[in-house]
Structures are given as structure tokens and as C-alpha cells.
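1. Could you look at this predicted model? Sequence included:
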Amino acid sequence: MKLPLLASLLSCVALQVQAADISVIGLFPGKAVLVIDGGSPKTYTVGNTVRPGIRLVDVNQTTATFDTEGKKQRIDIGGHVNRIAPSGASSVTLQADGRGHFMVQGQINGGTMRMLVDTGASLIALPAADARRLGIDYRKGQTAYVNTANGVVTAYQVVLNSVKIGDITLNQVDALVQENGLTFALLGMSFLNRTEMRREGEQMVLTKRY
């Protein structure tokens with residue numbers, strides 16, 4: 001079955017990769033028409049290198065897929081703008097749920113943990129039960145008090161050895177463990193401040209800064 005040419009400069013999708021802008025303006029079976037750095041359209045075959053470290057690996061009726069240093073990036077014609085992280089930078093793309101929240105499956109100190117991205121939380125926040133499951137002796141941390149909907153609760157500030165979300169791993173991350181008033185973990189700004197956060201429609205892209 002032949003794939004129709006999908007070309008529209010008004011609905012192209014731009015990638016910024018190591019100071020290179022790549023726009024997907026057309027798709028054929030096994031080929032993609034790209035505009036690089038605002039130049040003339042050029043046709044690339046699957047398997048071609050379009051920039052050092054960036055290779056076209058797949059196309060379908062609506063999407064071109066690129067590989068950059070082992071990481072896949074899919075670009076939809078007419079979709080939102082995507083950017084591939086610079087060489088050496090780790091990044092992860094999160095998808096919003098039906099309520100517009102970003103839930104992530106990650107690891108804390110090597111143990112699995114599901115967290116809600118919360119830019120209003122100054123630190124990663126963990127329920128005490130999860131902290132115990134992860135082997136965190138939180139009562140040795142600094143005592144703090146947190147206002148919740150149910151009043152003031154006791155909390156303990158600790159330092160997590162490692163927090164991993166997708167390809168991003170950060171070490172020595174401050175966190176707060178609450179004994180009451182918290183039903184799930186929050187991925188707060190003690191992690192997020194060490195990433196570049198970019199909201200793109202129903203997606204959020206995190207790129208490791210340091």
C-alpha cells in the first residue's frame with residue numbers, strides 16, 4: 001500500500017539538535033522529506049544520517065522516527081514541536097493522564113516508585129510506608145512539620161542516594177518523608193530544579209542539567 005505524501009510547511013514539526021533545525025515536511029514509503037536549518041527540502045532514506053549522531057530509522061503515514069545516540073525520537077507532522085536533547089544530555093518524555101497530571105514510574109535508591117510530578121512541592125515527598133519499603137531510616141533525618149488538609153503532620157528531611165526517572169539519574173537528592181497526610185509520592189523541585197522542564201501539549205520533556 002502506497003503512503004500518501006504528507007507535506008505542509010504550515011504543519012511541519014521542528015527539531016532542534018545541536019544547533020540544527022530539522023523540519024519534517026513530507027513522508028514516502030521508506031523516505032522522509034526534511035528541511036535542515038531552513039535550507040531546501042531534501043529527501044532522506046531510512047538508514048541515512050541527517051546530522052552527526054542523528055539517523056532516520058523509520059517512517060510511516062504520519063511519523064518520522066530518528067535515532068540519536070541510541071535514543072528514539074518520533075516526530076509527527078502537524079503535531080507539537082519536539083526537541084532532541086544535546087549530545088551527552090539525558091532526557092525523558094512524560095505523557096499527561098486524562099486529568100492532565102504527569103505520573104512517572106521511577107526508582108529511588110534502586111527501588112521502584114510511582115510519583116506525581118508536582119512543581120509546587122519544594123522537595124520530593126514520600127509517604128512513610130514507601131520510605132520503609134525502600135529501606136530509608138527516615139527517623140534519623142531532620143524533623144520538620146508540614147501543613148496538610150488534615151492539619152500539621154510530622155515529617156523528616158532526608159537525602160536520597162539516587163533518583164532515576166527514565167534515562168535521568170540524580171544522586172544526593174533532598175526529600176521529605178511524611179508519616180501522615182500523604183497517599184502517594186511527589187516528584188518535587190529538589191529533582192525538577194536539576195532538569196530543564198519543557199511542556200509540549202500533553203507531554204512534558206525533562207532534560208538533565210547537572
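-> Cool, got the structure. Numbers count the residues shown, from 1 in each chain.
2. Go through the chain and flag its longest helix.
-> Secondary structure assigned by DSSP state H gives helix 128-133 as the longest helix of the chain.
3. Can I get that one in PDB, CA atoms only?
-> Provided in PDB are the C-alpha atoms of helix 128-133 (Å, rounded to 0.1, in the frame of the first residue of the first chain):
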ATOM      1  CA  ALA A 128       6.400   6.800  55.400                       C
ATOM      2  CA  ALA A 129       5.300   3.400  54.300                       C
ATOM      3  CA  ASP A 130       7.100   3.800  51.000                       C
ATOM      4  CA  ALA A 131      10.200   5.100  52.700                       C
ATOM      5  CA  ARG A 132      10.300   2.000  54.900                       C
ATOM      6  CA  ARG A 133       9.800  -0.200  51.900                       C
END
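4. just how off-centre is it within its chain?
-> Relative to its parent chain, helix 128-133 has a centroid offset of 25 Å by CA atoms, centre = their mean, to the nearest Å.
5. Return the set of buried residues in it.
-> Within helix 128-133, the residues scored as buried using 16 or more other CB atoms under 10 Å are 128, 130, 131. Every C-beta, even on glycine, is put in place using the N, C-alpha and C of the backbone.
6. Please tabulate those in JSON lines, including the columns distance to residue 36.
-> Output for these, formatted as JSON lines (distance: CB to CB, whole Å):
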{"residue": "128", "distance to residue 36": "53"}
{"residue": "130", "distance to residue 36": "47"}
{"residue": "131", "distance to residue 36": "49"}
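7. from those residues, which is closest to residue 201?
-> Of all those, residue 201 sits closest to residue 130, with 30.7 Å by CB to CB.
8. Helix or strand next in line after the lowest-mean-pLDDT helix or strand in the chain, which one?
-> The helix or strand of the chain with the lowest confidence, counting by mean pLDDT, DSSP states H and E, is strand 13-17 at a mean of 43. For strand 13-17, the following helix or strand on the C-terminal side (DSSP states H and E) is strand 20-28.
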